[in-house]
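Asker: Predicted model, plus sequence, below.
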Amino acid sequence: MTGHDRTDSELVLLDGSMGEGGGHILRSALCLSLITGRPFQLTRLREHREPPGLRPQHLAYVRGAEALSTSTSEGAAVGASDMRFTPGPVRAGDYLLEVGTAGSTPLLFQCLVYPLALAGGGRLTLRGATHLQNSPSFHALTGAWLPVARAYGFPVQLSLTHAGFYPEGAGEFTAEVGAPEEPPLRVDLPARGVLREVRVMSFVGGLPFGVAERQSRAAVAALRERGILAEADNRPLPVTRSQGTVTFVLAQFEHTVAAFTSLGDRALDAEAVGRRAAEALTRFMETGGALDEHLAEQLLLPAALLASGRLGPVTPGTTRFTTACVTGELTTQAEVLRRFLPVDIRVEPGGAVEVRPA
Ligand SMILES: Nc1ncnc2c1ncn2[C@@H]1O[C@H](COP(=O)(O)OP(=O)(O)OP(=O)(O)O)[C@@H](O)[C@H]1O
């Protein structure tokens, strides 16, 4: 179980419309509340989103946090704009959680993985969508998030049982989550260094394999036009009820890795889907950032846990990196972290980020 300090009981007040004002404020608050033992009150939840308030997938995040622990919530219901969460200790163990037809399992995973690891670990089996717009795909988790998690000493293994695409979802993946170990790496990433290798991977679930091949060919050709040579790999994905395709570009730089996902779209031909993934990499390479904007935002949480001394016996440490783009999500995430943890997070307009003990 995570040991909650008695001194950590101070209520955290959060305005859910601040910054980007999306569901990520709720997910980060749930994660940090479970870890610190601090209750939170969230008002004006997703006020500027359409429709506003909690959606079914957000409610699934609250229910997931409750399932892992003896936590309780008040006011959490579809459409609600205000809610309160009172955390209880997290129990190590195995959990099967559903996020609903079109909810993102990677987002639910990122909300729960750190509290579960800090409580001793276990297995998360998550059902719902695994490849959804505006969220990390399962392959972005394995390709980009996992090396970051391991750098902070979180031993996690991920396996995809079924891919789940919008709108049916019906996917499933499993995460074996170990207790944190001494971090093997010092995260200090001012620059990405030279490009070492690019892999293009196209996957299809429930659609002709030729779609994957067309996507990859277009991605490889678009990269070649920019002088980037890439290996292509096409694979079928196991699915149940849903159908979909995805092209994934994974770039290994000297110091970092960057992953770009382009999901199949009925309004686009396969070539456009492939090109979109390639263009995301070339746009990233026009910036000076070590990390892409999504990985930069995702790295803040383990960096803040390390800086605040929450990673068990590990000495509090400082993380430095540069991001391709300072997004509203990044600055909002930094603000949520400051409310829960004694950390100093500096985000320079040019993209340099530092997370250190307060
Ligand atoms: N292509 C991508 N690769 C990796 N991560 C992504 C990608 N697109 C979006 N994300 C991440 O997914 C998260 C989405 O959170 P966000 O709050 O915007 O959406 P949400 O939880 O679905 O809620 P809302 O419906 O309020 O937007 C953010 O952390 C964002 O960085």
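Answerer: Okay, I see it.

Asker: Break this protein into its domains for me.
Answerer: The chain breaks down by automatic domain parsing into domains covering 1-90, 92-181, 195-285, 288-358.

Asker: Quick check: which ranges of the chain have low pLDDT?
Answerer: Across the chain, the ranges flagged by pLDDT under 70 are 1-8, 183-184, 312-313.

Asker: Around the ligand, which positions in it sit nearby?
Answerer: 22-24, 46, 49, 107, 134-136, 140, 261, 294, 297, 329 (C-beta under 6 Å from any ligand atom). Any C-beta I mention is one placed from the backbone N, CA and C, and that applies to glycine too.

Asker: Nearest to the ligand: which residue in the stretch 51-200 of the chain?
Answerer: When scored by C-beta to the nearest ligand atom, the stretch 51-200 of the chain has residue 136 as its residue closest to the ligand, at 3.6 Å.

Asker: Now residue 211: which helix or strand?
Answerer: helix 209-225 (DSSP states H and E).

Asker: Which is the succeeding secondary structure element to that helix?
Answerer: strand 231-236.

Asker: Following that following strand in sequence, what is the next regular element?
Answerer: strand 244-253.

Asker: Strands along the stretch 1-150 of the chain, start to end?
Answerer: With DSSP state E, counting those that start in this stretch applied, the stretch 1-150 of the chain shows strands at 12-15, 40-43, 72-74, 83-86, 93-98, 122-128, listed in chain order.

Asker: can you redo these as TSV with mean neighbour count?
Answerer: Output for the strands of the stretch 1-150 of the chain, formatted as TSV (neighbours: other C-beta atoms under 10 Å):
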stretch	mean neighbour count
strand 12-15	16
strand 40-43	20
strand 72-74	15
strand 83-86	20
strand 93-98	15
strand 122-128	22
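
Asker: Can you check which of these gets nearest to residue 246?
Answerer: Nearest to residue 246, of all the strands of the stretch 1-150 of the chain, is strand 122-128, at 16.0 Å by C-beta to C-beta.

Asker: Residues in contact with the closest one: which ones?
Answerer: With C-beta atoms under 8 Å, 6 or more residues apart in numbering as the test, strand 122-128 has contacts from 57, 60, 92-105, 108-109, 112-113, 116, 164, 169-177.

Asker: follow-up on the earlier one: among the residues of the chain next to the ligand, which ones are in helices?
Answerer: Judged by DSSP state H, the subset of the residues of the chain next to the ligand located in helices is 23, 24, 107, 140, 294, 297, 329.

Asker: so which of these comes closest to the ligand?
Answerer: residue 23 (2.5 Å).

Asker: so the closest one makes contact with residue 60?
Answerer: No - contact status for residue 23 versus residue 60: not in contact, 10.5 Å apart, counting by C-beta atoms under 8 Å.

Asker: what about the two, which has more around it?
Answerer: Taking other C-beta atoms under 10 Å, residue 23 and residue 60 do not tie; residue 60 has more neighbours (25 against 22).

Asker: follow-up on the earlier one: any chance of the strands of the stretch 1-150 of the chain in JSON lines, plus distance to residue 234?
Answerer: Below are those laid out as JSON lines (distance: least, C-beta to C-beta, whole Å):
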{"stretch": "strand 12-15", "distance to residue 234": "44"}
{"stretch": "strand 40-43", "distance to residue 234": "43"}
{"stretch": "strand 72-74", "distance to residue 234": "44"}
{"stretch": "strand 83-86", "distance to residue 234": "44"}
{"stretch": "strand 93-98", "distance to residue 234": "30"}
{"stretch": "strand 122-128", "distance to residue 234": "25"}
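
Asker: quick one: which of those is nearest residue 316?
Answerer: Taking the strands of the stretch 1-150 of the chain one by one with C-beta to C-beta, strand 12-15 is closest: 20.6 Å.

Asker: Run through the neighbouring helices and strands of the closest one.
Answerer: helix 23-36, strand 40-43, helix 328-340 (3 or more C-beta pairs under 8 Å, 6 or more residues apart in numbering; DSSP states H and E).

Asker: any idea which of those is most buried?
Answerer: helix 23-36 (a mean of 25; mean count of other C-beta atoms under 10 Å).

Asker: helices or strands up against that one?
Answerer: strand 12-15, strand 40-43, helix 56-67, strand 83-86, helix 105-118, helix 293-307, helix 328-340.

Asker: Output these as a markdown table; include the columns distance to residue 254.
Answerer: Below are these laid out as a markdown table (distance: least, C-beta to C-beta, whole Å):
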| stretch | distance to residue 254 |
| --- | --- |
| strand 12-15 | 39 |
| strand 40-43 | 40 |
| helix 56-67 | 36 |
| strand 83-86 | 42 |
| helix 105-118 | 26 |
| helix 293-307 | 16 |
| helix 328-340 | 23 |
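
Asker: out of these, which comes closest to residue 195?
Answerer: Here helix 293-307 is closest among those (C-beta to C-beta), at 16.1 Å.

Asker: Nothing else from me, thank you.
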